[in-house]
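Visitor: Whatever this is, show me its structure:
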Amino acid sequence: MRNSYTVKDLINLFLSHIVLIIVITLLGGAAAFAFSKFTLPLQYSSHITMYVQSYAGIIENNSNPYNNISNSKQLVNTYIEVLKDDAVMGAVSGMLFEQFDEEVLQDNFRVVKGKITPESIRKCITISSVEDTSAVKVVTLTKSPELSAAICYNLTAVAPDYVDKAVGVGSINTIDKAKVYRNPVAPNNTKNGIIGMAAAFLLVVMIILIVDYFDNTIKDANRISKKYNKAIIGEIQQFGDGKKKRGKKGRHSTELVGLLTDKDIPFNVIESYKTIRANILFTAADSDKKIIAVSSSNPGEGKSTSAANLAVVLAQTGSKVLLIDADMRKPVQHKIFKVRNNEGLSTLIIKKSSVTNSVKSNIINNLSLLTSGPIPPNPSELLASDNFKALMDKFSSQYDYIIIDTPPINVVSDAMLIKDLISGIMLIVRYASTTYDELSNCMKQIKLAQANVLGFVINDVYKNHSSYYYNYKYRYKYKKYGYGGYGYGYGYGYKADETSEEEDAD
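Guide: Here you go, the predicted model:
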């Protein structure tokens, strides 16, 4: 939840949703216009003007007509109230029944026991004084042009008698007859369309503000940087595309397309990773270990692709780089680089394979890959073993940089087990997906383990296009497989080289 907004925050917020705002506004206007044009009934208006004359003014000020007008003005408001009285409306109602069929009247008024209710007639009549005159203007509005004119006529016909009875002073007269106007005055479709656009605009803006106010996902890099006193190493805009393919047994998997060596990667994404490379090298410069772990709070935040691309840009500098897939519950590096995973880290640690057979050398110039190997029943124990430490010591002497793809910290603690072997963790945060609570829980675990965080990478930052980025689905439903059900089903239930419906790349 946000505490406050600046003008800049509001502008950026609305600009980020500008397409939605425009579309909803136009749809609201179109809906209001269509409703007005095809649903609302046509309404017709008529009008007439009545003039008030004061008898007292004529007698007392016969030589001064201006005093007569002044006295008449004082009577106008009184006469208006008289004309709105139920008795006057009743008289108008009686005349209308003589002039029109009851069906026409029922279509325009509320008829009870053969009489039009006074209130329903009043709703069709507007009576007002004409400024700086002693005139009273009557305007009517109904679904029938003849009915509107008839109401004006009937009101002027009964008005003099009721005014005389009620006030007893002066008179009210007309000098013309109400005309029948056959051009409808309502509904005003254009006006209603504009009102609909305004209403839709205000509604969508209000919804955006409410949703953003209560949105607990991370969208402000500076906020998390200040909160945890850690640098923002880089920001990566949305890129990549998932291509569906048919897997074994007719099941679907997602083949990740998002490696920097792909030809369709945007230039700005490549530059973002080069910036991350420079910042990582600067941040880890004081460490004697050139081993960097890449992790995230939760599944689906793009850590595996970020690890792969960091390894690629480091290799492009001419440094010898080894990328290790230590996410032995949900490995994906063999899919990203399209290599086999029959041997790898798991078999190497337990000495069931050799370094030569396990490490895929120079899959890209200067970059080697150690895949996860077959999924073991005890990945945490393997990473905490002396054999793994010995391997890391050996690799450290052979490679300039080692990048380790580790599981999400909020799911399992594997990344914490290797904290003494690495210079630090590059933590991937997915824009508008990772919540502050999730990141807070992750940082608490890192602090408890006394591990070092090199900084944050904000991944999948929105652009104007829409692309779904790395749907890394982990299952939390507890199941028992042949290995005793480690990690509440995290990444289990499939063979190392077999994909399932829930097996998607990070």
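
Visitor: quick one: the strands in the stretch 251-400 of the chain?
Guide: 252-257, 291-296, 321-325, 359-364, 367-370 (DSSP state E, counting those that start in this stretch).

Visitor: What helices and strands are in contact with the second one?
Guide: Put plainly, it is strand 291-296. helix 303-315, strand 401-405, strand 424-430 (3 or more CB pairs under 8 Å, 6 or more residues apart in numbering; DSSP states H and E). Quick note: C-beta positions are derived from backbone N, CA and C, even for glycine.

Visitor: May I see these organised as TSV, with mean neighbour count and distance to A415 added?
Guide: As requested, the helices and strands packed on strand 291-296 are arranged in TSV below (neighbours: other CB atoms under 10 Å; distance: least, CB to CB, whole Å):
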stretch	mean neighbour count	distance to A415
helix 303-315	27	10
strand 401-405	27	8
strand 424-430	26	6
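
Visitor: Relative to Y79, which of those is closest?
Guide: strand 424-430 (72.7 Å; CB to CB).

Visitor: Output the contacting helices and strands for the closest one.
Guide: With 3+ CB pairs under 8 Å, 6+ apart as the test, strand 424-430 has helix 267-283, strand 291-296, helix 303-315, helix 436-449, strand 453-461 packed against it.

Visitor: hmm, back to that, let's have the strands of the stretch 251-400 of the chain in CSV, adding mean pLDDT, mean neighbour count and distance to F109.
Guide: Shown next, in CSV, are the strands of the stretch 251-400 of the chain (pLDDT from 0 to 100; neighbours: other CB atoms under 10 Å; distance: least, CB to CB, whole Å):
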stretch, mean pLDDT, mean neighbour count, distance to F109
strand 252-257, 39, 19, 65
strand 291-296, 97, 27, 69
strand 321-325, 98, 27, 80
strand 359-364, 96, 17, 83
strand 367-370, 98, 24, 84
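
Visitor: Those into a markdown table, with extra columns for distance to N342?
Guide: Output for the strands of the stretch 251-400 of the chain, formatted as a markdown table (distance: least, CB to CB, whole Å):
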| stretch | distance to N342 |
| --- | --- |
| strand 252-257 | 18 |
| strand 291-296 | 24 |
| strand 321-325 | 14 |
| strand 359-364 | 12 |
| strand 367-370 | 13 |
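
Visitor: Any stretches of the stretch 251-400 of the chain with poor pLDDT?
Guide: By pLDDT under 70, the weakly predicted segments of the stretch 251-400 of the chain are 251-257.

Visitor: same check, this time on the chain
Guide: 1, 3, 54-72, 240-257, 463-506.

Visitor: Work out which residue lies at the spatial centre of it.
Guide: Nearest residue to the geometric centre of the chain (CA atoms, centre = their mean): I208, 5.8 Å.

Visitor: who's in contact with that residue?
Guide: 13-14, 17, 20-21 (CB atoms under 8 Å, 6 or more residues apart in numbering).

Visitor: V457 against I428, yeah?
Guide: Yes: counting by CB atoms under 8 Å, V457 touches I428, with 5.2 Å between them.

Visitor: Show me the common contact partners of the two, please.
Guide: S306.

Visitor: Flag every buried residue along the top helix by length along the chain.
Guide: Longest helix in the chain, counting residues (DSSP state H): helix 189-214. Going by neighbour count (16 or more other CB atoms under 10 Å), the buried part of helix 189-214 is 189, 192-193, 195-197, 200-201, 204-205, 208, 212.

Visitor: Quick one: these as TSV, columns for distance to D327 too.
Guide: Formatted as TSV, those follow (distance: CB to CB, whole Å):
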residue	distance to D327
N189	61
N192	58
G193	55
I195	56
G196	52
M197	50
A200	46
F201	46
V204	41
V205	42
I208	37
D212	33
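
Visitor: of all those, which comes closest to D286?
Guide: D212 (39.1 Å).

Visitor: Quick check: chain neighbours aside, which residue is closest to the closest one?
Guide: The shortest distance from D212 to any non-neighbouring residue, by CB to CB, 6 or more residues apart in numbering, is to L13 (5.8 Å).

Visitor: Who are the contact partners of that neighbour?
Guide: Contacts of L13 by CB under 8 Å, 6+ apart are 5, 208-209, 212.

Visitor: Compile these into TSV and extend it with columns for distance to Q450.
Guide: As requested, the contacts of L13 are exported to TSV (distance: CB to CB, whole Å):
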residue	distance to Q450
Y5	37
I208	41
L209	41
D212	36
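
Visitor: what's the angle between the strand or helix carrying the residue nearest to D212 and helix 189-214?
Guide: Assigned by DSSP states H and E, L13 falls within helix 7-16. Interaxial angle of helix 7-16 relative to helix 189-214 (axes from the mean of the first three to the mean of the last three CA atoms, to 10 degrees): 120 degrees.

Visitor: can you offset everything so residue one is 25?
Guide: All set: I'll call the first residue 25, so the last point we hit is now helix 31-40.

Visitor: CA-only coordinates of helix 31-40, as PDB, when you get a sec.
Guide: What follows is helix 31-40, C-alpha atoms only, in PDB (Å, rounded to 0.1, in the frame of the first residue of the first chain):
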ATOM      1  CA  VAL A  31       2.400  14.800  -9.100                       C
ATOM      2  CA  LYS A  32       5.200  13.000 -10.900                       C
ATOM      3  CA  ASP A  33       3.900   9.700  -9.500                       C
ATOM      4  CA  LEU A  34       0.400  10.400 -10.700                       C
ATOM      5  CA  ILE A  35       1.600  11.400 -14.200                       C
ATOM      6  CA  ASN A  36       3.700   8.200 -14.500                       C
ATOM      7  CA  LEU A  37       0.900   6.100 -13.200                       C
ATOM      8  CA  PHE A  38      -1.700   7.400 -15.600                       C
ATOM      9  CA  LEU A  39       0.800   7.400 -18.500                       C
ATOM     10  CA  SER A  40       1.500   3.700 -17.800                       C
END
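
Visitor: related to what we said a few turns ago, and the helices and strands packed on strand 315-320: which comes nearest L372?
Guide: Taking the helices and strands packed on strand 315-320 one by one with CB to CB, strand 425-429 is closest: 13.7 Å.

Visitor: contact partners of the closest one?
Guide: Against strand 425-429 from outside (CB under 8 Å, 6+ apart): 314-318, 327-328, 331-332, 334-335, 338, 343-351, 357, 416, 419-420, 442, 446.
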